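**Student:** sequence plus the predicted model coming up.
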Amino acid sequence: MAVEQFDQVADFLNLTDSLRERCKWPKRFITVTVPILRDDGSTQVFFGHRVQHHLTRGPTKGGLRYHPSVDIGEITALAMWMTWKCALMDLPFGGGKGGIACDPRSMSAGELERLTRRFTMEMIPFIGPEIDVMAPDMGTNEQTMAWMADTYSTHAGHLVSTIVTGKPLNLQGSCGRTRATGHGVAFLASNALHKLGTSVQGASAIVQGFGNVGSHTVFTLASYGVKISGIADVNGAIWNANGLDVTKLRKHVAKTGSIVGFKEAEPIDPALLLQQPCDILAPCALDSVITGENAAQLRCRILAEGANGPTTPEADRILNARGDVFIIPDVLCNAGGVTVSYFEWVQNFQHYRWTEREVITRLETMLQAAFTKVTGYAKRHGISHRTAAQAIAIKTVADAKSARGLFP
Ligand code: NAD
């Protein structure tokens with residue numbers, strides 16, 4: 001998907017063959033084995049990957065994912081998308097992504113800590129605050145980042161807070177980082193509603209995923225007065241046509257670990273949930289969930305892509321032909337996370353903490369600017385928002401590569 005999208009945009013930009021090849025291929029693919037002691041006394045070897053897509057505009061930046069489906073192809077696509085996301089937001093980073101093929105839900109805290117520390121040790125020759133900076137993604141969180149920072153810092157002999165972002169606040173994390181991605185998804189969806197001339201207050205939303213991105217998308221949308229009609233997580237989906245009480249839902253999830261079983265909602269088939277009528281549909285869990293099979297059936301006005309790669313190229317073609325769904329493409333829609341990660345990195349270098357208000361205000365200013373840039377470019381050139389976002393980003397990277405020249 002990532003390469004197909006890239007090729008289309010490279011054609012649109014008329015990139016020379018030389019720049020096309022240099023922009024496309026990742027700089028480094030790193031795969032390591034990560035042996036750990038399981039709680040039952042056995043040893044298990046996991047496979048960990050890190051792809052550094054390009055370092056032309058600064059260190060690589062991107063999440064670390066723990067999920068059974070992780071492989072080098074998936075990580076490479078995600079690293080490429082991170083490159084476009086950082087360039088679109090004009091952050092001084094290239095894209096990176098990492099992952100370990102494992103099922104974190106079946107592992108104890110001790111096993112996850114050993115896995116994270118051993119992976120960090122294996123990565124030490126390849127990472128650094130000016131080389132590659134990781135952050136949380138699916139299946140990882142601020143605790144994972146704290147273990148990574150501790151392992152790297154123990155090795156260096158002093159605290160290196162700039163080695164990862166998405167750290168806990170008491171370890172020099174940034175105010176607002178945890179909610180940044182979901183807040184950005186909701187903020188951009190409300191911008192899209194304004195653009196369509198629809199009131200935010202009373203609009204309806206369906207969100208797939210209730211992890212970091214999904215839950216904060218839900219909380220911010222609800223705080224704007226948007227009615228949350230349905231939510232899905234890995235265990236199932238729930239529906240309430242009158243709107244879910246998100247405060248009560250938050251307590252239910254804290255107690256049970258899932259949205260399923262929430263009393264003030266009905267269960268619904270997760271696949272059918274995506275096809276219910278709503279103003280905003282926000283896939284915030286997995287990739288490839290909007291496909292050639294269901295794209296024609298979507299009844300949303302706005303598709304806010306909180307997850308990375310939720311829409312397949314075939315679905316994209318169907319939605320573009322329909323022309324009635326306002327797509328906020330992933331590289332723009334979920335860029336809030338990497339933007340506040342950038343703020344965290346900057347604050348750590350400054351040894352200075354910004355307030356939550358400063359962080360959110362700067363975030364919204366940057367997202368608003370990118371949204372205006374993408375929608376304006378798309379309109380001027382008569383192309384989709386996704387192509388516009390990637391064209392702006394790829395041109396930024398191509399220009400930087402041209403300026404640096406080809407060494408030797
Ligand atoms: P997370 O692990 O915190 O949450 C994932 C959520 O998806 C969970 O609620 C899980 O139950 C749900 N889920 C898993 N399988 C599902 C299924 N089959 N159907 C419905 N729900 C399912 O992960 P996250 O950090 O929220 O990341 C979600 C997506 O957002 C990923 O694509 C990630 O790459 C992307 N993203 C995350 C960030 C970030 O800051 N965390 C930033 C940018 C993009």
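**Tutor:** Cool, the structure landed. Residues are numbered from 1 along each chain as shown.
**Student:** distance check, A282 against the ligand.
**Tutor:** Per C-beta to the nearest ligand atom, to the nearest Å, A282 is found 10 Å from the ligand. Heads up, the C-betas are built off the backbone N, CA and C, glycines and all.
**Student:** which residues does D324 contact?
**Tutor:** With contact set as C-beta atoms under 8 Å, 6 or more residues apart in numbering, D324 has these partners: R301.
**Student:** for I302, that is, sorry about that
**Tutor:** Counting by C-beta under 8 Å, 6+ apart, I302 touches 189, 192-193, 196, 279-281, 325-328.
**Student:** and the stretch 201-350 of the chain, which residues reach the ligand?
**Tutor:** Contact residues (C-beta under 6 Å from any ligand atom) of the stretch 201-350 of the chain with the ligand: 208-214, 232-234, 270, 284-286, 306-308, 334, 337.
**Student:** related to what we said a few turns ago, list buried residues within the contacts of I302.
**Tutor:** With neighbours counted by 16 or more other C-beta atoms under 10 Å, those contain buried members at 189, 192-193, 279-281, 325-328.
**Student:** among these, which are located in strands?
**Tutor:** Of the buried ones among the contacts of I302, the ones assigned to strands by DSSP state E are 279-281, 326-328.
**Student:** just the terminal-to-terminal distance for stretch 290-305.
**Tutor:** This stretch, stretch 290-305, spans 10 Å end to end (C-alpha to C-alpha, to the nearest Å).
**Student:** tell me the buried residues in it?
**Tutor:** Those would be 290, 295, 298, 300-305, for stretch 290-305 by 16+ other C-beta under 10 Å.
**Student:** closest residue of the stretch 151-300 of the chain to the ligand?
**Tutor:** G211 (1.8 Å; C-beta to the nearest ligand atom).
**Student:** for that residue, what are its contacts?
**Tutor:** By C-beta under 8 Å, 6+ apart, G211 lies in contact with 138, 233, 284-285.
**Student:** now those as JSON lines including pLDDT, secondary structure and neighbour count?
**Tutor:** Shown next, in JSON lines, are the contacts of G211 (pLDDT from 0 to 100; DSSP: H, G, I helix; E, B strand; the rest coil; neighbours: other C-beta atoms under 10 Å):
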{"residue": "M138", "pLDDT": "92", "secondary structure": "coil", "neighbour count": "23"}
{"residue": "D233", "pLDDT": "97", "secondary structure": "strand", "neighbour count": "21"}
{"residue": "C284", "pLDDT": "98", "secondary structure": "coil", "neighbour count": "28"}
{"residue": "A285", "pLDDT": "96", "secondary structure": "coil", "neighbour count": "21"}
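**Student:** related to what we said a few turns ago, which of the buried residues of stretch 290-305 fall within helices?
**Tutor:** Applying DSSP state H to the buried residues of stretch 290-305, no entry is found in helices.
**Student:** reformat those as JSON lines; add distance to L115.
**Tutor:** What follows is the buried residues of stretch 290-305, written out as JSON lines (distance: C-beta to C-beta, whole Å):
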{"residue": "I290", "distance to L115": "32"}
{"residue": "A295", "distance to L115": "37"}
{"residue": "L298", "distance to L115": "38"}
{"residue": "C300", "distance to L115": "38"}
{"residue": "R301", "distance to L115": "42"}
{"residue": "I302", "distance to L115": "38"}
{"residue": "L303", "distance to L115": "35"}
{"residue": "A304", "distance to L115": "32"}
{"residue": "E305", "distance to L115": "29"}
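**Student:** hmm, which two among those residues are most spread apart?
**Tutor:** Using C-beta to C-beta, the buried residues of stretch 290-305 span at most 15.4 Å, a distance reached by A295 and A304.
**Student:** which residues does A304 bridge with?
**Tutor:** Beta-bridge partners recorded for A304 (DSSP bridges): I328.
**Student:** check contacts around it.
**Tutor:** A304 touches 185, 188-189, 192, 217, 280-282, 328, 333, counting by C-beta under 8 Å, 6+ apart.
**Student:** list just the nearest of those residues to V226.
**Tutor:** Using C-beta to C-beta, the shortest approach to V226 within those belongs to I280, at 7.0 Å.
**Student:** hey, what's the closest one bridged with?
**Tutor:** Counting by DSSP bridges, I280 forms beta bridges with A205, I302.
**Student:** pretty sure it contacts S204?
**Tutor:** Yes. Counting by C-beta atoms under 8 Å, I280 touches S204, with 7.3 Å between them.
**Student:** anything in contact with each of the two?
**Tutor:** Counting by C-beta under 8 Å, 6+ apart, the residues touching both I280 and S204 are V226.
**Student:** what about the helices in the stretch 251-400 of the chain?
**Tutor:** Secondary structure of the stretch 251-400 of the chain (DSSP state H, counting those that start in this stretch): helices at 270-273, 313-322, 330-333, 336-350, 356-381, 385-404.
**Student:** and the fourth one, which residues are buried?
**Tutor:** Which is helix 336-350. Using 16+ other C-beta under 10 Å as the test for burial, helix 336-350 gives 336-345, 347-348.
**Student:** next: the longest one.
**Tutor:** Counting neighbours by 16+ other C-beta under 10 Å, one finds that the buried residues in helix 356-381 are 359-360, 362-364, 366-367, 370-371, 373-375, 377-378.
**Student:** mind checking the SS state of V51?
**Tutor:** With DSSP: H, G, I helix; E, B strand; the rest coil as the basis, V51 sits in strand.
**Student:** and the one 5 residues further on, by the same measure?
**Tutor:** Three states are possible here, and by three-state DSSP the one that applies to T56 is coil.
**Student:** shouldn't it be in contact with K401?
**Tutor:** Yes. Counting by C-beta under 8 Å, K401 is a contact partner of T56 at 5.4 Å.
**Student:** now do the strands in the stretch 101-250 of the chain.
**Tutor:** 132-136, 204-208, 227-233, 236-239 (DSSP state E, counting those that start in this stretch).
**Student:** between the ones you listed, which gets nearest to R114?
**Tutor:** Nearest of the strands of the stretch 101-250 of the chain (C-beta to C-beta): strand 132-136, 17.5 Å.
**Student:** and that closest one, how far out from the chain's middle?
**Tutor:** From the chain centre to the centre of strand 132-136 is a distance of 12 Å (C-alpha atoms, centre = their mean, to the nearest Å).
**Student:** same check on stretch 206-218?
**Tutor:** 12 Å.
**Student:** do stretch 28-37 as well
**Tutor:** How far stretch 28-37 lies from its chain's middle: 23 Å, per C-alpha atoms, centre = their mean.
**Student:** give the buried residues for it.
**Tutor:** Of all the residues in stretch 28-37, those buried under the rule 16+ other C-beta under 10 Å are 28, 30, 32, 34, 36.
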